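**Q** Sharing a sequence plus its predicted fold:
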Amino acid sequence: MRSYNQLFIGGRWADSAGSEVIEVRSPHDRSLVGTVPHATPEDVDHAVAAARTAFDQGPWPRTAPEERRRTVARFQELYNARAAEFAALITAENGSPLTFTTGLNVHALPEQTAAYLRAAADLAWEEELPSGTLLRREAVGVVAAIIPWNAPHQSALVKMVPALLAGCTVVLKASPETAVDALALAEVVADAGFPDGVVSVLPAGRATSEYLVAHPGVDKVAFTGSTAAGRSIAATAGAQLKRVSLELGGKSAAIVLDDADPAAVARGLMHHSLGNNAQNCQAHTRILAPRSRYEEIVQAVRAMVESLVVGDPARPETFIGPMVRPDHQERVRSYIELGIAEGARLVTGGPEVPRGLEGGCYVTPTLFADVDSSLRVAREEIFGPVLVVIPFADDEDAVRIADDSDFGLGGGVWSADHERAVGIARRVRTGMMLVNGATPAFDGPFGGFKASGIGREFGAVGLGQYIEYKSIAL
């Protein structure tokens, strides 16, 4: 068990203004992972005041961009040395399989930061336009970064790194489900050498988040989470004309064309649909299959789903671990019951908890077929291992069904004809499309259309979310 007695406020360890403690319990067996102080609105006041002073009067926004890059690179080097430790801690907190957290924290995060460092190195922070006007790129100010529990360090660094490279100061608000790893991350921040006030880390629940969003000392809110919470944040930020970027929910469609190999599709969907226990905003949980090969594809996906090892997320063979909390477990199980009640064909799985795993927050991976896109299981974000297969008639129909959604975050196309697949990908209104299971790169922007959000993350476009533009006429 790992416990912290203090919060990280303004670059220093400090006592919380309150006495409430967050207990983080394993969703695998409900054992105690650790405890941390629950940040209060008064703690937010202290953190924002420190960030405000550091931005308005401190050295960080006025530090040369190359020096900011060196400090961020030093932070990432220190993080890399502890990445395997952090992966195991996050697995214990939220139930993400260790293979997933290791892949993300140990292997992907260094490249995510490297892409931001390259973008910052290539950016002209000040340049003269042909008209003689001087164009300056300046930091947006104090950033409130509010992150979820499903990939906590990735969600934190995808916001903190570009904000810091731009010269912003950051108040990171972490979820209570993964509060322990948040303060472990703060240890790396403390060792990296950022000036006083530049970074604070506050684990807390929704009330403290709402207080931070509405705080007049915050210039920008960067949020990853549910669409419902994003709407609330956008309303609050809009009333204050506060900058905002929102990475929200999804119900992504994987379009399987009639020339695709069903076995290859199923292997790819194992990761793109069910990775991280399908507690993943861009999970391809709507599978669109042509009527001419519908049952063949359903059975290929069924075989894949039934092959997955469900169990202790710390074991290397486990692909599906527990849901993050008991209430979320029940929410996912209720959607499975809803799908049955709506008349979808239950191909495999069901609402029963997997045998032998009754002591944890487990759900049986479930596949529905004969699903119409009007059903709730096909329209609402379930955030768990529940897949639906929807039939389509032709390419036009596939695009129509893919776009028949309130969301537009991710998606994919599978085909033996590369150009045909790319043509379909161009037409679907969503922020990211994967052709034949391709792995997205961190220099390409990520974010959503429609109810999936506002703004983008990753690379040069993501860095630009933390920049204001100033023109000086000469």
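**A** That came in fine, so what should we check first?
**Q** Could you give the number of residues near the closest residue to residue 263 other than its chain neighbours?
**A** Nearest non-adjacent residue to residue 263, counting by CB to CB, 6 or more residues apart in numbering: residue 300, 5.7 Å away. No exception for glycine: its C-beta is placed from N, CA and C like everyone else's. Residues near residue 300, counting by other CB atoms under 10 Å, number 21.
**Q** For the helix or strand encompassing residue 300, give me every contacting residue.
**A** Residue 300 belongs to helix 294-307 when assigned by DSSP states H and E. The contact list for helix 294-307 (CB atoms under 8 Å, 6 or more residues apart in numbering) reads 256, 262-263, 265-267, 269-270, 274, 287, 289-290, 347-349, 365-367, 369, 387, 389, 391.
**Q** Then stretch 34-45?
**A** 1-7, 9, 15-18, 20-24, 93, 171, 173, 176, 179-180, 182-183, 202-205, 207-208, 211-212, 215.
**Q** circling back: just the buried members of the contacts of helix 294-307?
**A** Among these, those classed as buried by 16 or more other CB atoms under 10 Å are 256, 262, 265-266, 269-270, 274, 287, 289-290, 347-349, 365-367, 369, 387, 389, 391.
**Q** any idea how this structure splits into domains?
**A** 2-248+452-472, 253-441 (automatic domain parsing).
**Q** What residues sit buried inside stretch 69-87?
**A** 69, 71, 72, 75, 76, 78, 79, 82, 83, 86, 87.
**Q** now do stretch 438-447
**A** Under 16+ other CB under 10 Å, the buried positions of stretch 438-447 are 442, 443, 445, 446, 447.
**Q** Looking at these, which two lie furthest apart in space?
**A** Greatest spatial distance among the buried residues of stretch 438-447 (CB to CB): 443 and 447, at 14.2 Å.
**Q** Could I get the buried residue list for the helix holding residue 300?
**A** So helix 294-307, judged by 16+ other CB under 10 Å, has buried residues 294, 297, 298, 299, 300, 301, 302, 304, 305.
**Q** Of the buried ones among the contacts of helix 294-307, which belong to helices?
**A** 262, 265, 266, 269, 270, 274 (DSSP state H).
**Q** Can you convert the residues you listed into TSV and add a column each for pLDDT?
**A** Shown next, in TSV, are these (pLDDT from 0 to 100):
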residue	pLDDT
262	98
265	98
266	98
269	98
270	98
274	98
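**Q** just the residues you listed now: which is nearest residue 422?
**A** Nearest to residue 422 among these, with distances taken as CB to CB, is residue 265, at 16.8 Å.
**Q** how close does the closest one sit to residue 115?
**A** Using CB to CB, to the nearest Å, we find residue 265 at a distance of 29 Å from residue 115.
**Q** same check, this time on residue 16
**A** The value you get for residue 16 to residue 115, if CB to CB is used, is 35 Å.
**Q** Check residue 289 too.
**A** 34 Å.
**Q** what do you get for residue 162?
**A** 10 Å.
**Q** between those two, who's got more neighbours?
**A** When neighbours are counted by other CB under 10 Å, residue 162 comes out ahead of the other of residue 162 and residue 115, with 30 against 21.
**Q** check contacts around residue 205.
**A** Per CB under 8 Å, 6+ apart, neighbours of residue 205: 38, 176.
**Q** cutoff 10 Å now
**A** Going by CB atoms under 10 Å, 6 or more residues apart in numbering, residue 205 touches 20, 22, 38, 39, 173, 175, 176, 177, 179.
**Q** Likewise for residue 9?
**A** Residue 9 is in contact with 15-17, 39, 43-51, 171, 186, 197, 199-202, counting by CB under 10 Å, 6+ apart.
**Q** And for residue 206?
**A** Residue 206 neighbours (CB under 10 Å, 6+ apart): 175, 176, 229, 232.
**Q** what about the last one, distance to residue 40?
**A** When you say that, I think you mean residue 232. Distance from residue 232 to residue 40, counting by CB to CB: 20 Å.
**Q** again with the third one
**A** Using CB to CB, one gets 20 Å for the distance from residue 229 to residue 40.
**Q** does residue 460 really touch residue 124, like I thought?
**A** No. Residue 460 lies out of contact with residue 124 (CB atoms under 10 Å); the separation is 11.6 Å.
**Q** Who has more neighbours out of the two?
**A** Set residue 460 next to residue 124 and count neighbours by other CB under 10 Å: residue 460 wins out with 18 against 9.
**Q** Taking the centroid of the chain, which residue is nearest it?
**A** Centroid check for the chain by CA atoms, centre = their mean gives residue 155 as the closest residue, at 5.2 Å.
**Q** contacting residues around residue 191?
**A** 74, 75, 78, 79, 81, 82.
**Q** State whether the fourth one is indeed within a strand.
**A** No. Counting by DSSP: H, G, I helix; E, B strand; the rest coil, residue 79 is located in no strand; its state is helix.
**Q** tell me the contacts of residue 164?
**A** 60, 68-69, 71-72, 75, 116, 120, 139, 143, 157, 170, 189, 192, 194, 198-199, 466.
**Q** Same question for residue 253.
**A** 284-288, 373, 378, 390, 392, 398-399, 401-405, 407-408, 410-413, 428, 430, 433.
**Q** can you check residue 69 too?
**A** Contacts of residue 69 (CB under 10 Å, 6+ apart): 63, 116, 117, 118, 120, 121, 164, 165.
**Q** Go again with 8 Å.
**A** 117, 120, 121, 165.
**Q** Of those, which pair is most distant in space?
**A** 121 and 165 (9.4 Å).
**Q** Which of the two has more residues huddled nearby?
**A** More neighbours surround residue 165 than the other of residue 121 and residue 165, with 25 against 11 (other CB under 10 Å).
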